[in-house]
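In: structural data only, the sequence is not supplied:
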C-alpha cells in the first residue's frame, strides 16, 4: 500500500469565516486516502498561520522533513492554497517534493494531476491564490485604516492610552482614549529623553519611582 501524509493549515479568519477548519481538511484527506488505498503515516497542522510566507510554519517543515527521510508517495492537502498563497513558495515546495518523488495531491482539485493540462491549471491556481491573498490583505488594511480614523482600538492600547467602550455590551463601540494618569508620565519621558541627559534605563527608574 502506498504511503501518504496529510498537511492542513488555517488562519484564524479562515477557520471562523470560511469553514476550512483543520478537522474538515484532515477528514477530507483521510476519506480520499481510504478510497484510493493510501496509508496515512503522518498528519501535520499549522494553526493560525498565513500561507503568504513559509516562515514559522513548523507543521509544513516537519511534513517536508518526513518526505525527505522516509519513503512517502504523496502529500495530501485539500486545496493548493493550504500549501502556499504565492507562486514562488508553491513551486519551491513542489520542487522539494518532486526531488523526493513525492506527489502533491489536492483532494478537492484533482484536475491538478501532473499532466500538461494539469500543470497549466496548477500554475493558474498558484496565481489565483496569490491574487486572493493580496486582495484580502488590501481589504483588511482598508478596514483597519477606517477603524483607526474613527478611533477604534486595534486590540490593545499602548501605554498612555486606555481601551474604552462608549457603546453598550450588546452593541460595543470600542475606542482608544488618553489615560489621564499615565499619559502625563509618557509626555514627561519624551521631554526628558529629548534633552539628551537621560538614558532609557535612567528614565525607566524615574518613571517607576513616580
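Out: Happy to help now that I have it. All values reported here derive from a predicted model rather than from experimental measurement.
In: hang on, residue 162 in a helix?
Out: No: the assignment for residue 162, made by DSSP: H, G, I helix; E, B strand; the rest coil, is strand rather than a helix.
In: so who does it touch?
Out: 176-179 (C-beta atoms under 8 Å, 6 or more residues apart in numbering). All C-beta atoms are positioned from the backbone trio N, CA, C, and that covers glycine.
In: what bridges to it?
Out: residue 177 (DSSP bridges).
In: would you mind measuring from it to residue 30?
Out: Counting by C-beta to C-beta, to the nearest Å, the separation of residue 162 from residue 30 is 48 Å.
In: returning to that earlier point: residue 189: which of the contacts of residue 162 is nearest?
Out: Among these, residue 179 lies closest to residue 189 (C-beta to C-beta), at 13.4 Å.
In: isn't that closest one right up against residue 164?
Out: No: Residue 179 is not in contact with residue 164 according to C-beta atoms under 8 Å; the separation is 9.8 Å.
In: and the residue lying closest to residue 167 once chain neighbours are set aside, how far is that from residue 156?
Out: Nearest non-adjacent residue to residue 167, counting by C-beta to C-beta, 6 or more residues apart in numbering: residue 173, 3.3 Å away. Computed as C-beta to C-beta, the residue 173 to residue 156 distance reads 17 Å.
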